[in-house]
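>>> From the sequence below, what's the structure:
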Amino acid sequence: MKHILVVEDEEHLAVGIKYNLQAEGYRATTVGNGPAALQFIKDESDGIDLLILDLMLPDMDGYEVVRRLRAARVQTPVLILSGL
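Numbers count the residues shown, from 1 in each chain. Below you'll find the model as predicted:
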């Protein structure tokens, strides 16, 4: 089963996205900020197949999350989610 990490600080959006992904047969996990996303990806032994990433996050924006992932040579595909 494909594992998708949703990084969204607005809980109602994160819950809705997770619900819909699970309804389509994906394993979905949510976190609310950039540092939590980076830590989760580092700790996840099975890996993440896709990252759905909000750009406007507290503590660290989505752009910085992608910069740090790529600097660490993490090549997980990223789908940007933004209300901008």
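>>> Regarding the chain, what is its longest helix?
helix 11-23 (DSSP state H).
>>> other SSEs contacting the helix or strand following it?
Next helix or strand after helix 11-23 toward the C-terminus (DSSP states H and E): strand 27-31. Under the contact criterion of 3 or more CB pairs under 8 Å, 6 or more residues apart in numbering; DSSP states H and E, strand 27-31 touches strand 3-7, helix 11-23, helix 34-43. Glycine gets a C-beta too; all of them are placed from N, C-alpha and C.
>>> These: which one's closest to residue 78?
Closest approach to residue 78 among the helices and strands packed on strand 27-31 (CB to CB): strand 3-7, 9.5 Å.
>>> before we move on, the earlier item: next, the angle strand 3-7 makes with the longest helix of the chain.
Helix 11-23 runs at 170 degrees relative to strand 3-7, counting by axes from the mean of the first three to the mean of the last three CA atoms, to 10 degrees.
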